[in-house]
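>>> The following comprises the amino acid sequence and a computationally predicted model.
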Amino acid sequence: MEPLYFVPEVLDRILAIIERDSEFLEQEGIMDYSLLLGLSEVMPGERTHEDVYGEDEKAAPWVFGYQKYVGQDGERFVTHRICLGIIDILQPYTKRKQVEFVGKVCRHCSSGISVNPPSRYRRRFMNYLREKFRPLEAEPPTLSEASRLASGMFESIGDHASV
C-alpha cells in the first residue's frame, strides 16, 4: 500500500481514534482485525463536505487524504475522500490461539505470523498505520486545485488512450 498523507491535525485525530479503538479490542482480548479504507478521488465539479456538512470537516463521514501521483509532469498529490473503520473476524485470543502462537513462534520468526497476543497484535497494527499514514508536509491542494489537476490528468490519459 502506498502511503496516505493527511493534514497533521487530521492525522492526529485519526490515529487517536484508532489507538483508542484498538486499546479497547486489546482489553477485550481481541485480535485478528484489519482497517478497511474507502477511497474516493475528488473529481472536477464534485461537491465538497462544506456543501453538505458545513465548514467543520469533523461533521463529514470522511476525511480528506492525499496520495502522491508521479506523472510525466512531475509529482503531485491527488485528493481523496477517505472513510475508514476497523473490521474483520475480531477473534478472541483463546487458549487455542495461544498454543497456535507458541507453535508458530517455534517454527518461524514471530514478527511475520498473524496470530499474536492482543497487545502485540495492536502494537504491530498501530506501527503499520503510523508507517503508512503520514503527515502532509506541504500545504494541501485546495479542492479547486485538486479538481483542476485531476481534470488535467484525465485529459492527458485521454490523449494517450487508443480507440
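Perfect, thanks for sending it.
>>> Distance check, Leu35 against Asp56.
Leu35 sits 24 Å away from Asp56, going by Cβ to Cβ, to the nearest Å. Heads up, the C-betas are built off the backbone N, CA and C, glycines and all.
>>> ditto for Ser22
Separation of Ser22 from Asp56 (Cβ to Cβ): 26 Å.
>>> How about Glu19?
22 Å.
>>> any idea which element Pro61 lies in?
Assessed by DSSP states H and E, Pro61 sits outside every helix and strand.
>>> ok, now which ones touch it?
Pro61 is in contact with Cys83, counting by Cβ atoms under 8 Å, 6 or more residues apart in numbering.
>>> what's the pLDDT at it?
pLDDT recorded at Pro61 is 78.
>>> Need phi/psi at it.
Here is the backbone geometry of Pro61 (degrees, to the nearest 10): phi -80, psi 10.
>>> just Ala59 next, same as before
In terms of degrees, to the nearest 10, the main-chain angles of Ala59 are phi -80, psi -20.
>>> what's the closest non-adjacent residue to it?
Tyr53 (4.1 Å; Cβ to Cβ, 6 or more residues apart in numbering).
>>> what's the nearest residue to Leu129 if we skip its chain neighbours?
Ile18 (6.4 Å).
>>> scratch that, Pro135
Closest to Pro135 by Cβ to Cβ, 6+ apart is Pro8, at 4.5 Å.
>>> What degree of burial does the residue nearest to Ala59 show, as a neighbour count?
For Tyr53, the count of nearby residues is 14 (other Cβ atoms under 10 Å).
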